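Colleague: take a look and give me a structure for this.
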Amino acid sequence: MRSSGQIEHGAAGVAPSGGETAASAGPDPREAEFQALIDADQRIEPRDWMPEAYRKTLIRQIAQHAHSEIIGMQPEGNWITRAPSLRRKAILMAKVQDEAGHGLYLYCAAETLGVDRAELIDLLHEGRQKYSSIFNYPTLTWADVGAIGWLVDGAAITNQIPLCRCSFGPYGRAMVRVCKEESFHQRQGFELLYALSHGTPAQHEMAQDAVNRWWWPSIEMLGPPDTESTHSAQSMAWGIKRFSNDELRQRFVDMVAPQAVVLGLTPPDPELRWNEQRGHYDFGQPDFEELRRVVGGDGPCNRQRAAHHLKAHEDGAWVREAAAAYAAKHAATTAAA
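Modeller: Sure thing, here's the model as predicted:
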């Protein structure tokens, strides 16, 4: 039975009835109830009490995920007008549209924690929240669209499928639909690269070049090594994450290494080979210094991505204002009826 003394958004240290705060009254029994739900692999819902640190961790992670979906529209959106056929253009437009929807789902999930999406977007523009490092690399050729689908979306799926079992209900439920659509994105990227790899020599060379450039950033996007990860251990203890960064990285390599053989493309890792004893692929050490540099704002396209998003946000201000005015007018009409 869940406690009836819940408080909205689980704000720690707030008195349920205006009296003495839970923090000053000794051990909070709601903490034990929360932990019991986590231990039983149950879902935490927005109106359930939760520790403030849990809420803040979720806001940080979900906001970063939402920002990544929206910023991630830029590298591929760059190729919509240059797609080589109407079929390819339609597929890419549908994919970019999906990413916008994913951002919307995730901003909505974050708002159930008592934060406004406008505040999250302001934090992104101020550089106080981040998005995935992978989107700070340029898309130089049409083959990059395929490499992003196969590798970047493949890494995203590896990370996101376990999030369907996240302990926070709205996040886990949002991820179910997101993962279904990301699986389609990964398949279309694989199909695009396959067509190029088995096309003309120039097309094969273009596909190989794209894989050479996107292979390591895709492996690095799964996060720093476990020994350097700031949040992983606590997120796993709370059931937000299910696997560590290094476990996810191994799963990803195990998935894409045999796919590369089918594609007829060679990953740029001379240490990549099947280890019969471990039952996994061995692979080289990612350049985590590059990851830290890109996350810190010094990637090839960091400033370009941020500036583009800020301009789009400012250019769309009139749409938000018009929608708010319409909503206010509709509410006034409804109240007067």
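
Colleague: residues contacting the most centrally placed residue in the chain?
Modeller: The residue lying closest to the centre of the chain (C-alpha atoms, centre = their mean) is His65, at 3.4 Å. Contact analysis of His65 by C-beta atoms under 8 Å, 6 or more residues apart in numbering lists Leu106. Bear in mind the C-beta positions are built from the backbone N, C-alpha and C, glycine included.

Colleague: which element is it on?
Modeller: Assigned by DSSP states H and E, His65 belongs to helix 52-71.

Colleague: swap in Trp274?
Modeller: strand 273-275.

Colleague: tell me the gap between that strand and the middle of its chain.
Modeller: 29 Å (C-alpha atoms, centre = their mean, to the nearest Å).

Colleague: any idea of the mean pLDDT for it?
Modeller: Summarised as a single mean, pLDDT over strand 273-275 is 97.

Colleague: ditto for stretch 38-52
Modeller: Here the average pLDDT along stretch 38-52 is 96.

Colleague: got it, and stretch 129-148?
Modeller: Stretch 129-148 shows a mean pLDDT of 96.

Colleague: can you give me the end-to-end distance of that stretch?
Modeller: End-to-end distance for stretch 129-148: 23 Å, by C-alpha to C-alpha, to the nearest Å.

Colleague: follow-up on the earlier one: quick one: strands adjacent to the strand holding Trp274?
Modeller: strand 280-282 (antiparallel) (DSSP bridges).

Colleague: mind checking what helix or strand follows the strand it pairs with in sequence?
Modeller: Next in sequence after strand 280-282, counting helices and strands by DSSP H and E, comes helix 288-293.

Colleague: for Lys89, see how far away the residue nearest to the centre of the chain is.
Modeller: Between His65 and Lys89 the distance is 27 Å, computed by C-beta to C-beta, to the nearest Å.

Colleague: for the longest helix belonging to the chain, name the packing helices and strands.
Modeller: The longest helix of the chain (DSSP state H) is helix 169-197. Applying 3 or more C-beta pairs under 8 Å, 6 or more residues apart in numbering; DSSP states H and E, one finds that helix 169-197 contacts helix 86-111, helix 143-147, helix 153-160, helix 201-220, helix 245-263.

Colleague: by how many degrees do that helix and helix 52-71 diverge?
Modeller: With axes from the mean of the first three to the mean of the last three C-alpha atoms, to 10 degrees applied, the angle from helix 169-197 to helix 52-71 works out at 30 degrees.

Colleague: contacting residues for Tyr194?
Modeller: Tyr194 makes contacts with 262-263, as judged by C-beta under 8 Å, 6+ apart.

Colleague: do the one 10 residues further on as well
Modeller: In this structure, His204 makes contact with 196-198, 264, judged by C-beta under 8 Å, 6+ apart.

Colleague: do you know the pLDDT at it?
Modeller: Looking at His204, its pLDDT is 98.

Colleague: now do the one 10 residues further on
Modeller: Per-residue confidence at Trp214 stands at 97 (pLDDT).

Colleague: quick check: the gap between it and Arg273.
Modeller: Here the distance between Trp214 and Arg273 works out to 21 Å (C-beta to C-beta).

Colleague: coming back round to it: among the contacts of His204, name the buried ones.
Modeller: Neighbour counting with 16 or more other C-beta atoms under 10 Å marks 196-197 as buried within the contacts of His204.

Colleague: and the contacts of His204, which is closest to Ala324?
Modeller: Using C-beta to C-beta, Leu196 is the member of the contacts of His204 that lies nearest Ala324, at 45.9 Å.

Colleague: so who does that closest one touch?
Modeller: By C-beta under 8 Å, 6+ apart, the residues touching Leu196 are 142-143, 146, 203-204, 206-207.

Colleague: now these as JSON lines including distance to Gly77?
Modeller: Shown next, in JSON lines, are these (distance: C-beta to C-beta, whole Å):
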{"residue": "Trp142", "distance to Gly77": "14"}
{"residue": "Ala143", "distance to Gly77": "17"}
{"residue": "Gly146", "distance to Gly77": "15"}
{"residue": "Gln203", "distance to Gly77": "23"}
{"residue": "His204", "distance to Gly77": "26"}
{"residue": "Met206", "distance to Gly77": "20"}
{"residue": "Ala207", "distance to Gly77": "21"}
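
Colleague: of those residues, which pair is most distant in space?
Modeller: Using C-beta to C-beta, the two most remote members of the contacts of Leu196 are Trp142 and His204, lying 13.2 Å apart.

Colleague: so what's the residue count around Gln74?
Modeller: Using other C-beta atoms under 10 Å, Gln74 has 18 neighbouring residues.

Colleague: residues in contact with it?
Modeller: Applying C-beta under 8 Å, 6+ apart, we find Gln74 in contact with 135, 305, 308-309.

Colleague: same deal with Val176?
Modeller: Val176 touches Cys164, counting by C-beta under 8 Å, 6+ apart.

Colleague: so what pLDDT did it get?
Modeller: 95.

Colleague: same question, the one 5 residues further on
Modeller: The predicted structure scores Glu181 at 93 on the pLDDT scale.
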